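> I would like to see how this sequence folds:
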Amino acid sequence: MVKNTPIPANYDAILEELKTRVYSARMRAALAANSELVGLYLEIGRKILEQQRWEGWGSGVIGKLADDLRTAFPDMKGFSPRNLSYMRQAAEIFGEHPILQQVAAKLPWGHIMVLINKLKTENERLWYGLQAIEHGWSRAILTMQIESGLHARQTNPLKVNNFKEHLPAPQSDMAYAILKDPYIFDFLSVGEKAQEREIERELIKHITEFLLELGSGFSYVGKQVHLEVAGEDFFLDLLFYHLKLRCYVVIELKVGPFKPEYAGKLNFYCSAVDNELRHEHDNPTIGLILCKNKNRLLAEYALRNITTPLAVSEYALTRAIPEELKTSLPSVEDIERELDMDIQE
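Residues are numbered from 1 along each chain as shown. Now for the predicted structure:
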């Protein structure tokens, strides 16, 4: 390179393009290595399972196999008797289910152990596995989501909303899928008798955990957002924008039971946001009422003749979320570290 050559004007753009390519290549390499590792573990597990069924292999043989594999491959980790037992379990659980095998190939081994340990049914393992892949959950977050009963809350057939009636497909399906009932705000340091503003402050103070509970795609806009309509002032409890739904989401927080008049007020707020904030290419604003408890019939009646897409869900204040859960989106370094941890177990 010629000294003192001026830096080209497009240098920064080229640098960013190359960094993106390096990042993508590292990600593909990490995922490919993971797929190979999981395939190997399942193959070992199938062989152990086969020998146990036909030759009666017991724990003593498994222990010897672990020692011999570690002797033959001293630079490889993951051949402990405990991990060999997990391989056998994985082969037994995933072996007869091709779709589960495809999902497992895209997950780190540690995630697969969580699915084995904490779940009992094929349907739940498939659901959580797909969610972990789609949202890039770390092992700790996958564990937390399982322990919070996310599957039951997000697939709850009694969720109260009018999305299918007033949103076009596939937006209505997506909005329904991300809706939970109840929401778990177990990261808040407030008592059961906390007032609305206190809960709002705590939710924003713990915005990372709040966004994690709301689900991927939510972007925080503000709290007590001011709107002026016909010379009068109105304040929205919480305002978000959903990147996948391409719309604003107004959340009204209520510390008591649901009341029918809450739906009318939220309908007004959503109309105001549509008129004052919504851009040309945005979809209609969605409203969500979060209350301590609700009578389902009252909530359904309250939404029946409202054409604005609204939903009513409960929230619960329970245990604290572990401090280490700082983000739901792992970096390449996080994935590589996770894979390295899996190999060493």
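
> all strands for the chain, in order.
With strands called from DSSP state E, the chain shows them at 160-161, 183-184, 218-229, 232-242, 247-257, 286-293, 310-316.

> which stretch among the ones you listed comes nearest residue 58?
Closest of these to residue 58 is strand 183-184, at 42.7 Å (criterion: C-beta to C-beta). Heads up, the C-betas are built off the backbone N, CA and C, glycines and all.

> now stretch 309-326: mean pLDDT?
Average pLDDT, stretch 309-326: 69.

> so what's the residue count around residue 303?
For residue 303, the neighbour count with other C-beta atoms under 10 Å is 26.

> please apply the same query to the one 4 residues further on.
A count of nearby residues for residue 307, using other C-beta under 10 Å, gives 12.

> repeat that for the one 5 residues further on.
Using other C-beta under 10 Å, the number of residues around residue 312 comes to 29.

> so how far is residue 74 from it?
Distance of residue 312 to residue 74, computed by C-beta to C-beta, to the nearest Å: 60 Å.

> so what's the residue lying closest to residue 130 once chain neighbours are set aside up against?
In this structure, residue 130 finds its nearest non-sequential neighbour in residue 103, 6.1 Å apart by C-beta to C-beta, 6 or more residues apart in numbering. The neighbours of residue 103, taking C-beta atoms under 8 Å, 6 or more residues apart in numbering as the test, are 126, 129-130, 133.

> which one of these has the most neighbours?
residue 129 (24 neighbours).

> just the buried positions in stretch 83-95, please.
Neighbour counts over stretch 83-95 (16 or more other C-beta atoms under 10 Å) mark 83-84, 86-94 as buried.

> can you check stretch 13-24 too?
Within stretch 13-24, judged by 16+ other C-beta under 10 Å, no residue is buried.

> how far does that stretch sit from the chain's center?
Counting by C-alpha atoms, centre = their mean, to the nearest Å, stretch 13-24 is centred 27 Å from the centre of its parent chain.

> cool, and stretch 189-209?
With C-alpha atoms, centre = their mean, you get 21 Å for stretch 189-209.

> okay, how far is it across it, tip to tip?
13 Å (C-alpha to C-alpha, to the nearest Å).

> just the buried residues of that stretch, please?
Buried, per 16+ other C-beta under 10 Å, within stretch 189-209: 194, 199-200, 202-203, 206, 209.

> between those, which is closest to residue 79?
Distances from residue 79 to those, taken by C-beta to C-beta, are shortest for residue 209, at 37.3 Å.

> and the gap between the spatially closest residue to residue 164 that is not a sequence neighbour and residue 232?
In this structure, residue 164 finds its nearest non-sequential neighbour in residue 172, 4.9 Å apart by C-beta to C-beta, 6+ apart. Distance, residue 172 to residue 232, by C-beta to C-beta: 32 Å.

> same thing with residue 36?
Residue 36 is 64 Å from residue 232, by C-beta to C-beta.

> and the two? Which one has more around it.
Between residue 36 and residue 232, counted using other C-beta under 10 Å, the more crowded position is residue 36 (11 against 7).

> quick one: low-confidence parts of this protein?
Along the chain, segments meeting pLDDT under 70 span 1-4, 190-193, 318-345.

> can you give the domain ranges for it?
11-138+331-344, 153-316 (automatic domain parsing).

> now the contacts of residue 103 in TSV, with distance to residue 228?
Output for those, formatted as TSV (distance: C-beta to C-beta, whole Å):
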residue	distance to residue 228
126	49
129	48
130	44
133	44
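
> buried stuff in stretch 301-316?
302-303, 306, 308-315.

> looking at those, which is nearest residue 220?
residue 315 (17.1 Å).

> give me the nearest residue to the closest one, chain neighbours excluded.
Nearest one to residue 315, counting by C-beta to C-beta, 6+ apart, is residue 183 at 4.4 Å.

> ok, the one you found - how many residues close by?
20.

> quick check: residue 58 vs residue 44, distance?
17 Å.

> what's the answer for residue 178, then?
Residue 178 is 38 Å from residue 44, by C-beta to C-beta.
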